[in-house]
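In: quick one: sequence plus predicted model below, questions after.
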Amino acid sequence: MTWKKIVLNFSRGPVILPVLGGIKLPRATVGHREFRLCRSWSFVVVVAVLVLWACRGLDAGEVLFRWDFEPQGVDSVGERISTMPDGFQPGQGDGLEIAKTADRGWALHVSIPAGAPGHRNIRYMIPADRVRGKRLKVSANIKAQGISQPPNPWNGIKCMLQIVSPGETQWPQQNMPGGDFDWRRASFLAVIPDDVERVFLILGLENVSGDAWFDDVVIEDLGAERYRQPRQVSLSSWDIGCRDYAVQ
């Protein structure tokens, strides 16, 4: 048995792995077939490190913004608040409220009457200098009731960024189904260009009717892009059990 060194080159920098070579795993028999499970423990170690590193790159990040919609500095406010949190526009309006829920405390509630599909949302301007050249992860807990079928996959419940750059505007988001569903975690990744001018977070409904609730909305900084990336990059996941949807 001898110790060996393996160097893995990642965009974040090289990783040096000390691994123990020369240890062979026993053969296994299935029916009349005999095979070797793995050539060495070194292979197992390398695969495990690669998986952990990949998961870290997708999920870990510095939290830049978080909204839980809990009332601040108010002792008794009833069951509903018509005024949106600081920084969100519009500050108030029909079908927009902060409402107390039975299972998650306070949440943003967006409502459009049945039979009259339309647009209703709030937006928050994210300081462009704070996210320029960064990879962001946006996630939120979302609940729906009676959401009509969206006319296009990108319509419906909106948890989305608007990224405005010279000559181009991007709209990365997580596409979501209509109908009813209980609280689910939705998330997507977006790359902010170096020449970005304005960035907005948008929460609400588009071209549908029904009710949607949003809670624990988080924007994380996953770090600067080390190499130039294509402009339209967005990785989305709709977390129902362990199912992931395709890259948009």
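Out: Happy to help now that I have it. Numbering: from 1, shown residues only.
In: give me the helix or strand of this protein that scores worst on average pLDDT.
Out: Ranked by mean pLDDT, DSSP states H and E, the weakest helix or strand in the chain is strand 234-239, scoring a mean of 45.
In: only alpha carbons, please: show stretch 131-143 as CSV.
Out: Extracted in CSV, the C-alpha atoms of stretch 131-143 (Å, rounded to 0.1, in the frame of the first residue of the first chain):
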residue,chain,number,x,y,z
VAL,A,131,-24.2,41.6,-7.9
ARG,A,132,-22.2,42.6,-11.0
GLY,A,133,-20.3,39.6,-12.5
LYS,A,134,-21.8,37.2,-9.8
ARG,A,135,-23.6,33.9,-9.9
LEU,A,136,-26.8,34.2,-7.9
LYS,A,137,-29.1,31.6,-6.5
VAL,A,138,-32.7,32.7,-5.9
SER,A,139,-35.1,30.5,-3.9
ALA,A,140,-38.5,30.8,-2.3
ASN,A,141,-41.2,28.8,-0.6
ILE,A,142,-44.3,29.0,-2.7
LYS,A,143,-47.9,27.8,-2.2
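In: can you map out the helices along this structure?
Out: Ranges of helices in the chain, per DSSP state H, are 41-59, 128-131.
In: which neighbouring elements make contact with the shortest one?
Out: The one in question is helix 128-131. On a contact count with 3 or more CB pairs under 8 Å, 6 or more residues apart in numbering; DSSP states H and E, helix 128-131 meets strand 198-208. For the C-beta atoms, the positions are set from N, CA and C on the backbone; glycine is no exception.
In: perfect, that will be all.
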